[in-house]
Structures are given as structure tokens and as C-alpha cells.
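**Student:** Below are the sequence and a predicted model; questions follow.
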Amino acid sequence: MPTRTDALAVIASHELRTALRGKMVPAFAALFSLLAVGITLAGLGGSGQLLVQGFTRTAVSLLTLAIYLLPLLGLVLGAAAFGGEDGATELLLAQPVDRSAALLGRVAGLFAGLGAIGLAGFGAAGILVAVRAGSHGAGGYLLVALGAILVGFAGLSLGVLLGVLTRRRGVAVGWALAAWFAAAVLYDLASIAVLQLAGNGEPGPWLVALLAANPIDGVRALALVTLGADVLLGPTGAALQRLMGGGGALYIIASLVFWLAAPLAAAAVVYRRRDF
């Protein structure tokens, strides 16, 4: 009988190959790479040659794209993978492997596929910047890429939970899109209202709490601080940098870990009790 680790590795490898053979992961990898390279190019200079931004400016430009696109894709991938089960799932669960290992193995494969999309985009842009503008600021760029990919993983974890709960692919994807819209759009509007009513619109504990509750906003704030928020955003950035230095960063990191682990733990509990 294979060990749990062996089973996880085999299932993850199979799920990754399946994702790469499909249309969604390769298409989004190509799209993200194309958009990342396009954002990296700053336009035509006086000599008619393409000018390329440095790593810091490129990271700021790519941050907004990646912080929204990768969680959206993660939510849809997870919901679609677990929202509709077929004969392959029944065959997998008929093997000598427990359901938790089956779920975690499939999730690991999806993590690898989503990570490949993030690496393709940030990697293509990073190579272009390094060749044309040098390596200054590469460390901050790598941290931004890591943060954006982790937010995508958090979206994938929530998508898996939605898929396991709904058991219907179309419904699961619908809920995934609704969850993304709530986190990416509605949450910001609600946060502005809360800060005006309870926090007087000023950076403070309320802002830290709001950033920690939503990994999209939290990682974006951490990324800006890493890149130099005091320079990028002026006095507002300097205030944000003080908040993050005062322990706010730890709350955001803890929140990100929670959004990565808690949905998967809940999904594993439901998956173990699910009839196929």
C-alpha cells in the first residue's frame, strides 16, 4: 500500500498534468504573461526604442493586475475542480487512499498550476526588466510576486470549499465570482464607509483590522510598504508604513495564513463525509 506522502505526490502530479492539458491554465498563463510584458514596457522614447521600467515601478504596475487576477482565477479553478465530480473522482476514491489525502493531493496540483501562471507573468516581465534596466529593486519585485501568488492560493482554497459545499460546477463557479466581486469591489466600498464613520478616515487600528480581514487589501498594503510606501504615496504612505511597522504586518500575515488553511480544513471535513 502506498504511503500517504506517495499518494499525495501521485495525485498532485496527475491533477497538475490535467490542468496543464486543459484550456484554462495555459490560456491564463499566456494572458497574464502578455499583460505583464505589456505593462512593463513604458512606451516609446525619443529615440524610437522601447523603454522599460525598473523593478520597483514594474512591481507597482503589476501589483494591481496580479492582486485581482490571481485570486479570481484561483476561486474559479477550485470551484470548477470540486464543484462537479465525475467517474474519475469515484475511481480515485476507490483506491487505497483516504479522502483527505485525495483532496489535498488535488489541491496541491491546482496550487502548482496557479503558481505556474503567476511565475509565467512575473517571470516574463522580470527577465525583460533585468535585461533592459538592471537588477536594482529585484528583491522587492520578488516579494510582490510571492504575495500576489499567495493571495491567489487563498482564493483557490476558498474556491475548493465552495465547490465541495455546492456539488454543482455551475453553482460553485457562480458563488466563486460573487465572492471575488465582494472581496475585490464591495469590500473596499464598505471599508471606506467604516473608516469614515468609525475611524474618522485616518489610518489607524481600524485600517489595520480592515486590511487584515481581506487578503487582497492586506497583501497590497504590505507590498506597497515593501516597495517604499512613503515615497510612492507621500504622507499617506508614510502613515501606512508606520502602521505596518507597529505590528500591522503580523496581523496581515496571520490573516493570509488563515485564509489559506481554514477553507481547506473545512473542505476536508465536508469531503470526508460526502457521498459519491
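**Tutor:** Looks like it arrived, so ask away. Numbers count the residues shown, from 1 in each chain.

**Student:** what about Gly174, how many neighbours?
**Tutor:** 15 (other Cβ atoms under 10 Å). C-beta here means a position set from N, CA and C on the backbone, and glycine is covered the same way.

**Student:** What is the distance between whichever strand or helix holds it and the centre of its chain?
**Tutor:** Using DSSP states H and E, Gly174 sits within helix 169-181. From the chain centre to the centre of helix 169-181 is a distance of 16 Å (Cα atoms, centre = their mean, to the nearest Å).

**Student:** how about the strands in this protein?
**Tutor:** 41-44, 50-52 (DSSP state E).

**Student:** Let's test this: mean pLDDT of the shortest one, rounded?
**Tutor:** The reference is to strand 50-52. In this model, strand 50-52 has a mean pLDDT of 55.

**Student:** could you dump stretch 114-133 to CSV, C-alpha only?
**Tutor:** Output of stretch 114-133 as CSV, limited to C-alpha atoms (Å, rounded to 0.1, in the frame of the first residue of the first chain):
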residue,chain,number,x,y,z
LEU,A,114,-1.9,28.5,-10.3
GLY,A,115,1.7,29.1,-9.2
ALA,A,116,2.9,28.4,-12.8
ILE,A,117,0.6,31.1,-14.1
GLY,A,118,2.0,33.7,-11.6
LEU,A,119,5.6,32.7,-12.3
ALA,A,120,5.0,32.9,-16.1
GLY,A,121,3.7,36.5,-15.8
PHE,A,122,6.1,37.8,-13.2
GLY,A,123,9.0,35.8,-14.7
ALA,A,124,8.5,37.1,-18.3
ALA,A,125,8.3,40.7,-17.0
GLY,A,126,11.2,40.2,-14.6
ILE,A,127,13.5,38.9,-17.3
LEU,A,128,12.7,41.8,-19.6
VAL,A,129,13.4,44.3,-16.8
ALA,A,130,16.7,42.6,-15.8
VAL,A,131,17.9,42.7,-19.4
ARG,A,132,16.9,46.2,-20.2
ALA,A,133,17.0,48.1,-16.9
